[in-house]
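S.K.: Sequence first, predicted coordinates after that:
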Amino acid sequence: MINNYTVSGEIEAWCTKCKLELAHTIVAIVDNLPKKVKCNTCNGQHNFRVKQPDKSPTKSIKTPRKIKAREATYEEYISRLSGDGVSRSRKYSIQGSFKKDELVDHSKFGIGVVLSVIKVNKIEILFKDGPKLLIQNQ
Ligand SMILES: [Zn+2]
């Protein structure tokens, strides 16, 4: 990646005073790299560094947002279990009896997969909107 740093431009840097990765203003550039920066939070000037030295270098890699992970899990479940589409799904009804990993077609929530049978009459089904508790064997 080509860096186009400019003096008085903004940059994410490690603040030695705030002990956090924060927005900084570039004060000086040497060899096309920020040399000195000023923290926008505490106004302290210090040498540029990207990360906290030594400690947890992967800290800035954020884990995907919960909703993303949930969608991925849902898609994963459905594709793993359905194989030939969702033709194997059974219509959900409270009189029904469902097993773990069974595909369920719910009139409101759509296709879901049974995550677990919590009780004889209570099951957890993962729908596109997320897991829901439903009743069965009524
Ligand atoms: Zn600071």
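M.R.: Now that the structure is in, tell me what you want to look at. Here the structure is a predicted model, which is why all the values come from computation and not from measurement.

S.K.: Would you mind listing what in this protein touches the ion?
M.R.: Taking CB under 5 Å from the ion as the contact definition, the chain meets the ion at Cys15, Lys17, Cys18, Cys39, Thr41, Cys42. All C-beta atoms are positioned from the backbone trio N, CA, C, and that covers glycine.

S.K.: Determine which two of these are furthest apart.
M.R.: Greatest spatial distance among these (CB to CB): Lys17 and Thr41, at 8.5 Å.

S.K.: returning to that earlier point: narrow the residues of the chain next to the ion to just the buried residues.
M.R.: Applying a neighbour-count criterion of 16 or more other CB atoms under 10 Å, the buried members of the residues of the chain next to the ion are Cys15, Cys39.

S.K.: Now intersect the residues of the chain next to the ion with the strands, please.
M.R.: Among the residues of the chain next to the ion, the members falling in strands (DSSP state E) are Cys15, Cys39.

S.K.: okay if I get the residues of the chain next to the ion as a markdown table plus pLDDT?
M.R.: Formatted as a markdown table, the residues of the chain next to the ion follow (pLDDT from 0 to 100):
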| residue | pLDDT |
| --- | --- |
| Cys15 | 94 |
| Lys17 | 92 |
| Cys18 | 94 |
| Cys39 | 97 |
| Thr41 | 95 |
| Cys42 | 97 |
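
S.K.: Having no further points to raise, I will conclude here.
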